[in-house]
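Novice: below are the sequence and a predicted model for it; my questions follow.
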Amino acid sequence: MANILIIEDEPRMRRLLEISLGEDGHHVYSAEDAEKGLVYLRKEPVDLVVTDLKLPGMNGLEFLQEGKRQNAALPFIVMTAYGSVETAVDAMKAGASDYVLKPFTMAEMKLVINKELDVQKVRDENRSLREALGKRYHFQNIVGRSKKMQEVLALVERVAPTNSTVLIGGESGVGKDLIARAIHQNSRRAAGPFIKINSTAIPDTLFESELFGFERGAFTGALASKPGKFELADKGTLFLDEIGDVPASIQVKLLRVLQEREFERLGGTKTLKVDVRMIAATNRDLRAALEEGTFREDLYYRLNVVPIDIPPLREHKEDIPDLVHHFLARFAVEGEKEIEGITPAALSMLMAYHWPGNVRQLENSVERAVALSTGSRIDAQDIHLDAAQGRASAPASTAANQFLPEGMTLEQWEDNMIREALRRANGNKSQAVRLLGLSRNALRYRLSKLGMADEGE
């Protein structure tokens, strides 16, 4: 149970929220304006704030900003009229966790509050997790004993039992699908279906019918009604891969399903209700897509409730030996070969490689090595790597013929060029963009990979 602060100037609505949340066991404070709300924030232990955006005196957005200055971790849920969604998006940018459109039902409000309290619990518990990562988190078919992967798996363990929407980020091949399945299999929905959709594999013209289904006669060739992926995932999990490639027209409909848990089939008039947990994944920089106008801001904030970022393989190479042995055991059985292990020379080659294709590329390389091997152990001669993509794996004798400086990968060279451009531009990002011939979004993305936040000029 939580300590909840309500800021609402309309007395009947304020009283209704007080009674309803109090009946659920929450301790409720309430105020009719933001000024009194700030007094509560300074004096009382508040776990969550529900505030209207239209208030007398200090408005809800100003109250949110001041409350965040006092306690940056405090979650805010904002209430706003149906025609003021843009204001709600501004509040999300300022740090609000979620918003509810008026008029709303108490069931809808409680759903949003309980979801945010679940998320807050996960975040609170994760503060201590980083100090206690001596514990090893293990999930079926996921190998990762490195510190970075243990942080990812610790977050999976905490978020899986909740119903919160999860946004998984990471380069192609890092294992976003496996993480999504681990969340589902360790959730209360594990007995329900796990439905996966790859956005890049569906033509734009078929996207709506794939997601929401269609009625007979909805279009030429629709000889019978067909349920969509949302209906098939009812009481389970829907995993939408490559969310950044979803067409703009479908983004609006996705937002409605996330907000209201309802939709209509293509060509239908009956509103269908579903109970589906959404997990999305992307290898794109969605923040850059927001600035370009190709991805909706309100949908992004609805999806990005619990973000999980999976590091590329080159950032946790200490996991490579365990991954190699895991793949060797599997492919030896599948290929009916007696493979006992891998030689130190072969493992050194794999450790030195850059792995632009991440774990998926490593898996394919091991499968190829098993297929080509003639002995009981995988040797260096059995391993075939693309030298153009992984300069670090080339023998020292060929270093003189390399296009890049000796011992340097393409990514390291790019990082050095970015730092040099910033040095020559005296830290001026606009000038650095011109020197490098990049767009501002491309520079922002590369700075984030270097751990250098772009805070503007």
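Specialist: Ah, there it is.

Novice: how close does the nearest residue to A233 once chain neighbours are set aside sit to L64?
Specialist: Leaving aside its chain neighbours, A233 sits nearest to I195 (4.1 Å; criterion: C-beta to C-beta, 6 or more residues apart in numbering). C-beta: built from backbone N, CA, C; applies to glycine. For I195, the distance to L64 (C-beta to C-beta, to the nearest Å) stands at 36 Å.

Novice: neighbour count for those two, which is higher?
Specialist: Neighbours per residue (other C-beta atoms under 10 Å) separate I195 from L64, with L64 holding more: 24 against 19.

Novice: looks to me like the more buried one is in a strand.
Specialist: No - read with DSSP: H, G, I helix; E, B strand; the rest coil, L64 is helix and lies in no strand.

Novice: in this structure it contacts K93, no?
Specialist: No - contact between L64 and K93 fails when scored by C-beta atoms under 8 Å: they sit 10.3 Å apart.

Novice: tell me the SS of the residue nearest to A233?
Specialist: strand.

Novice: check what pLDDT it gets.
Specialist: We note a pLDDT of 94 for I195 in this prediction.

Novice: repeat for R42
Specialist: R42 is assigned a predicted lDDT (pLDDT) of 87.

Novice: same check, this time on A288
Specialist: What the model reports for A288 is a pLDDT of 85.

Novice: mind giving me the packing neighbours of whichever strand or helix holds K253?
Specialist: Assigned by DSSP states H and E, K253 belongs to helix 248-260. Contacts defined by 3 or more C-beta pairs under 8 Å, 6 or more residues apart in numbering; DSSP states H and E place helix 248-260 against helix 204-212, strand 262-264, helix 297-303.

Novice: could the ones you listed go into CSV alongside mean pLDDT and distance to K54?
Specialist: Rendered in CSV, the data for these read as follows (pLDDT from 0 to 100; distance: least, C-beta to C-beta, whole Å):
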stretch, mean pLDDT, distance to K54
helix 204-212, 88, 34
strand 262-264, 90, 27
helix 297-303, 91, 19
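
Novice: any idea which of those is most buried?
Specialist: Highest mean neighbour count among the helices and strands packed on helix 248-260 (mean count of other C-beta atoms under 10 Å): helix 297-303, with a mean of 20.

Novice: other residues contacting it?
Specialist: Applying C-beta atoms under 8 Å, 6 or more residues apart in numbering, the contact partners of helix 297-303 are 85, 88-89, 92-93, 98, 165, 167, 243, 251, 254-255, 258-259, 278, 280, 286, 290.

Novice: and R360, how far from I113?
Specialist: From R360 to I113 the distance is 40 Å (C-beta to C-beta).

Novice: I misspoke; the intended subject was S373.
Specialist: Per C-beta to C-beta, S373 is found 58 Å from I113.

Novice: swap in L266?
Specialist: According to C-beta to C-beta, L266 and I113 sit 33 Å apart.

Novice: neighbour-wise, which of the two wins?
Specialist: Between L266 and I113, I113 has the larger neighbour count (other C-beta under 10 Å), namely 23 against 20.

Novice: neighbours of F331, how many?
Specialist: Neighbourhood size, F331 [other C-beta under 10 Å]: 18.

Novice: show the contacting residues for it.
Specialist: Contacts for F331 were tallied using C-beta under 8 Å, 6+ apart; they are 337, 339, 366-367, 370-371.

Novice: helix, strand, or coil at it?
Specialist: Secondary structure, three-state DSSP: F331 is helix.

Novice: quick check, central residue of this protein?
Specialist: For the chain, the residue lying nearest the average C-alpha position, counting by C-alpha atoms, centre = their mean, turns out to be L167 (2.2 Å).

Novice: partners of the helix or strand harbouring it in the sheet?
Specialist: Under the criterion of DSSP H and E, L167 resides in strand 166-169. Next to strand 166-169 in the sheet, as set by DSSP bridges, lie strand 277-282 (parallel), strand 306-309 (parallel).

Novice: would CSV of those strands with mean neighbour count, distance to R296 and mean pLDDT be doable?
Specialist: Shown next, in CSV, are these (neighbours: other C-beta atoms under 10 Å; distance: least, C-beta to C-beta, whole Å; pLDDT from 0 to 100):
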stretch, mean neighbour count, distance to R296, mean pLDDT
strand 277-282, 25, 13, 95
strand 306-309, 17, 17, 94
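
Novice: turn the ones you listed into CSV, columns for distance to F212.
Specialist: Shown next, in CSV, are the strands paired with strand 166-169 (distance: least, C-beta to C-beta, whole Å):
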stretch, distance to F212
strand 277-282, 14
strand 306-309, 25
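
Novice: all strands of the stretch 51-200 of the chain, in order?
Specialist: Assigned by DSSP state E, counting those that start in this stretch, the stretch 51-200 of the chain shows strands spanning 76-81, 98-102, 166-169, 194-198.

Novice: and of those, who's closest to W355?
Specialist: strand 166-169 (17.9 Å; C-beta to C-beta).

Novice: buried set for the closest one?
Specialist: 166-169 (16 or more other C-beta atoms under 10 Å).

Novice: and the contacts of it?
Specialist: With C-beta under 8 Å, 6+ apart as the test, strand 166-169 has contacts from 159, 176, 179-180, 183, 243, 278-283, 286, 303-310.

Novice: if we use 6 Å, what do you get?
Specialist: 176, 179, 279-282, 303-304, 306-309 (C-beta atoms under 6 Å, 6 or more residues apart in numbering).

Novice: what helix or strand is the closest residue to E44 other than its chain neighbours located in?
Specialist: Nearest non-adjacent residue to E44, counting by C-beta to C-beta, 6+ apart: Y29, 5.9 Å away. Using DSSP H and E, Y29 falls within strand 27-31.

Novice: which other helices and strands contact that strand?
Specialist: In terms of contacts (3 or more C-beta pairs under 6 Å, 6 or more residues apart in numbering; DSSP states H and E), strand 27-31 is packed against strand 3-7, helix 11-23.
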